[in-house]
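In: My questions concern the predicted model and sequence given below.
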Amino acid sequence: MQGGNAVRKILFVASEAVPFIKTGGLADVVGSLPKYFDKEEYDIRVMIPKYLCMKQEWRDQMKYVTHFYMNLAWRSQYVGILELEYEGIKFYFIDNEYYFAGPKPYGNIYEDIEKFAFFSKAAISALPSLDFRPDIVHCHDWQTGLVPVFLNDSFQNNPFFQGIKTIMTIHNLKFQGIWDMKTVKDITGLSASYFAPDKLEAYGDANYLKGGIVYSDAVTTVSETYAEEIKMPYYGEHLDGLMCARSNSLRGIVNGIDYQEYDPQTDKFLTKNYNAVNFRKEKVKNKEALQKELGLDVDKQKMMIGIVSRLTDQKGFDLIAYIMDELCQDEVQLVVLGTGEERYENMFRHFAWKYQGKVSANIFYSEAMSHKIYGSCDAFLMPSLFEPCGLSQLMSLRYGTVPIVRETGGLKDTVEPYNEYESTGTGFSFVNYNAHEMLNTIRYAERIYYDKKREWNKIIDRAMAVDFSWNNSAKKYEELYNWLAG
Ligand code: ADP
Ligand code: GLC
């Protein structure tokens, strides 16, 4: 590292982070990745909003730092800063009860558009109050897309901000923060020159993520395959041209998971802990316990397939809907945990009613239940239409629960398809977004599970041996930080 012992200072800015607030994998990444950097060389801190819907337990532990008033166009808004150290990482929280009240972090898009313009500007405005001047501000997803834009704007008049570099990480290109230009101009106070096709404007509207991509010094996404896919129209969400234009600064760094948090050997949510050596005998005890808990037929031989997911089109639920009746003719049990679109919530409720003892629909959010599913099922189904990275399949691998996935994005990069001739592979996969191709793949897995148990267990051996802890990927971020900070 240049300069000998200077510590590089990096600030993550994001809309969610575990353990404080989580709606999806973004929170897992933002909350766990900072722990895996070399502390001697990197001081990584995280800034998120202080939502009123965070657990009281967390809000009670936050310490007030300071507050000030900030202009957001013609508005003058309160910005409170709080801090809390958790597992060696300093988290900052931006407080404003007008924007961050509400039962969930995200609500109506027109409210979120103003909420995250405020958050992005507040995040930068807060820096001089922190005694922490980051070399790099690392932004995550559209909610922080305006950070590089604002930083490029009036803040440049203040020497404090000059030279701060920015990174935009795309966790999901589908969500871009799009709203009409007139309103966004009024909300942000940004001058008209920003609302041009080479800046914030896209297809007649203002686009926060586009602004972030255009104005950041480097762009990353969460797997190598997704980094390639988004340069093509099918996955590019109308920004494929821009992704191609920025391809020299775009790289894919695959996500990891927190190997302390997700460890079948110590997981406190499991009935029976197990590891790569004793899973053959012990893991099935979790299956029996879960069958009892969920009112499924208790039968340790029965192949149990799990799903833990946001119930949205992205995750391939229309494929599942299409073949549910056929699949339920097989000797399998299906355990679903998820919330999301009503039609999918109702679909699973319907099938749980129709196939009692066989299908369990858990339409809610539960950390505990998610761990039980990863630790109890034989296989895990994730037939995504697109998947920037996906963490659930990594959790499944770690728990020896064999993933069945569609070969897209991070699923393609992290699950190696089973090859019965060479005895390789950590899961099962199919290529086309086709319901019967998926069903055939599930049925192939069923045959191995029932008829070739030794082979099945060897797949588990290999799955539990792969390493998707953060260590490797944190190194790649370190390289990126070094390159950017010079
Ligand atoms: P995405 O971020 O697109 O939702 P990921 O696979 O990257 O998908 O991450 C999903 C994360 O959210 C995983 O940690 C998964 O266990 C968790 N999760 C999703 N739905 C639920 C739920 N209903 N209850 C508990 N955890 C959930
Ligand atoms: C997004 C993506 C998911 C990814 C997660 C964390 O929510 O949908 O694929 O794993 O972000 O990067």
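Out: Noted; the coordinates are in hand. Ligands and ions are numbered 1, 2, ... in the order given.
In: buried sites along the helix or strand hosting residue 475?
Out: Residue 475 belongs to helix 471-485 when assigned by DSSP states H and E. Within helix 471-485, the residues that count as buried by 16 or more other Cβ atoms under 10 Å are 473-474, 477-478, 480-481, 484-485. (Glycine included, C-beta is placed from N, CA and C.)
In: so can I have CSV of these showing pLDDT?
Out: CSV is the format used below for these (pLDDT from 0 to 100):
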residue, pLDDT
473, 96
474, 97
477, 98
478, 97
480, 98
481, 98
484, 96
485, 91
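In: Out of the residues you listed, which is nearest to ligand 2?
Out: residue 473 (10.8 Å; Cβ to the nearest ligand atom).
In: and the gap between that closest one and ligand 1?
Out: 14 Å (Cβ to the nearest ligand atom, to the nearest Å).
In: Could you do residue 420 as well?
Out: For residue 420, the distance to ligand 1 - Cβ to the nearest ligand atom - is 27 Å.
In: quick one: secondary structure of the residue nearest to that residue when sequence neighbours are not counted?
Out: Using Cβ to Cβ, 6 or more residues apart in numbering and skipping the chain neighbours, the partner closest in space to residue 420 is residue 455 (6.9 Å). Secondary structure for residue 455, judged by DSSP: H, G, I helix; E, B strand; the rest coil, is helix.
In: mind listing the helices for the stretch 351-486 of the chain?
Out: 367-376, 392-398, 409-414, 435-451, 453-465, 471-485 (DSSP state H, counting those that start in this stretch).
In: Would you point to the one among the ones you listed that's packed deepest?
Out: helix 392-398 (a mean of 27; mean count of other Cβ atoms under 10 Å).
In: Quick check, the residue in the chain closest to ligand 1?
Out: residue 25 (2.2 Å).
In: got any ranges where the stretch 201-350 of the chain has weak pLDDT?
Out: Within the stretch 201-350 of the chain, no stretch falls below the threshold (pLDDT under 70).
In: So which bits of it are right by ligand 1?
Out: 308-310, 337-339 (Cβ under 6 Å from any ligand atom).
In: If any of those residues are buried, put those into a ChimeraX selection.
Out: The buried subset of these, as determined by 16+ other Cβ under 10 Å, is captured in ChimeraX by this line:
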select :308,309,310,337,338,339
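In: Could you dump the buried residues of helix 471-485 into TSV with distance to residue 69 added?
Out: TSV is the format used below for these (distance: Cβ to Cβ, whole Å):
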residue	distance to residue 69
473	39
474	37
477	35
478	37
480	35
481	33
484	32
485	32
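In: Okay, domains of the protein per the record?
Out: If you go by automatic domain parsing, the domain ranges for the chain are 8-256+471-485, 279-467.
In: Of the buried residues of helix 471-485, which is the nearest to residue 117?
Out: Distance to residue 117, by Cβ to Cβ, is smallest for residue 484 among the buried residues of helix 471-485, at 25.2 Å.
In: State the number of residues packed around the residue nearest to that closest one when sequence neighbours are not counted.
Out: Distance criterion Cβ to Cβ, 6+ apart; nearest residue to residue 484, sequence neighbours excluded, is residue 165 at 4.8 Å. Neighbour count for residue 165, taken as other Cβ atoms under 10 Å: 20.
In: Can you tell me who residue 165 pairs with across the strands?
Out: residue 136 (DSSP bridges).
In: ok, now which ones touch it?
Out: When contacts are counted by Cβ atoms under 8 Å, 6 or more residues apart in numbering, residue 165 is found next to 135-137, 217-218, 484-485.
In: change it to 10 Å
Out: Residues near residue 165 by Cβ atoms under 10 Å, 6 or more residues apart in numbering: 10, 134-138, 148, 151, 216-218, 481, 483-486.
In: and what of residue 77?
Out: Residue 77 sits in contact with 68-71, 96, 98-99, 118, 121-122, 125, where contact means Cβ under 10 Å, 6+ apart.
In: Most neighbours among those, which one?
Out: Most surrounded of the contacts of residue 77: other Cβ under 10 Å gives residue 121, at 27 neighbours.
In: Look up how far residue 208 lies from the residue lying closest to it once chain neighbours are set aside.
Out: Once flanking residues are discounted, residue 121 sits nearest to residue 150: 5.1 Å by Cβ to Cβ, 6+ apart. Applying Cβ to Cβ, to the nearest Å, the value for residue 150 to residue 208 is 11 Å.
In: Name the residues contacting each of those two.
Out: 117, 120, 188.
In: Output the residues you listed as TSV; include the columns neighbour count and distance to ligand 2.
Out: Compiled in TSV, these are given as follows (neighbours: other Cβ atoms under 10 Å; distance: Cβ to the nearest ligand atom, whole Å):
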residue	neighbour count	distance to ligand 2
117	27	21
120	28	19
188	26	25
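In: and the strand ranked longest in the chain, which strands flank it?
Out: Identified as the longest strand of the chain according to DSSP state E is strand 75-86. Strand pairing for strand 75-86, determined by DSSP bridges: strand 63-72 (antiparallel), strand 89-95 (antiparallel).
In: quick one, which of these is nearest to ligand 2?
Out: strand 89-95 (17.8 Å).
In: Now the closest one: average pLDDT?
Out: The predicted model gives strand 89-95 an average pLDDT of 98.
In: Relative to the whole chain's centre, how far out is it?
Out: Averaging C-alpha positions (Cα atoms, centre = their mean, to the nearest Å) puts strand 89-95 19 Å from its chain's average.
In: I'd like to know which elements the host helix or strand of residue 335 is packed against.
Out: Residue 335 is part of strand 332-340 when elements are defined by DSSP H and E. Applying 3 or more Cβ pairs under 10 Å, 6 or more residues apart in numbering; DSSP states H and E, we find strand 332-340 packed against helix 279-294, strand 303-311, helix 317-327, helix 342-354, strand 359-362, helix 367-376, strand 379-382, helix 435-451.
In: got a list of what residue 156 touches?
Out: Residue 156 neighbours (Cβ under 10 Å, 6+ apart): 162, 164.
In: a helix runs through it, doesn't it?
Out: Yes. Membership of residue 156 in a helix is supported by three-state DSSP.
In: thinking again about what came up before, make a markdown table from the domains of the chain and add distance to residue 268 to it.
Out: Shown next, in a markdown table, are the domains of the chain (distance: least, Cβ to Cβ, whole Å):
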| stretch | distance to residue 268 |
| --- | --- |
| domain 8-256+471-485 | 14 |
| domain 279-467 | 8 |
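In: Which among the ones you listed is found nearest to residue 263?
Out: domain 279-467 (7.4 Å).
In: how long is that closest one from one end to the other?
Out: With Cα to Cα, to the nearest Å as the measure, domain 279-467 spans 18 Å from end to end.
In: what's the spacing between residue 245 and ligand 2?
Out: 23 Å.
In: pretty sure that residue contacts residue 210?
Out: No. Counting by Cβ atoms under 10 Å, no contact exists between residue 245 and residue 210, whose distance comes to 11.2 Å.
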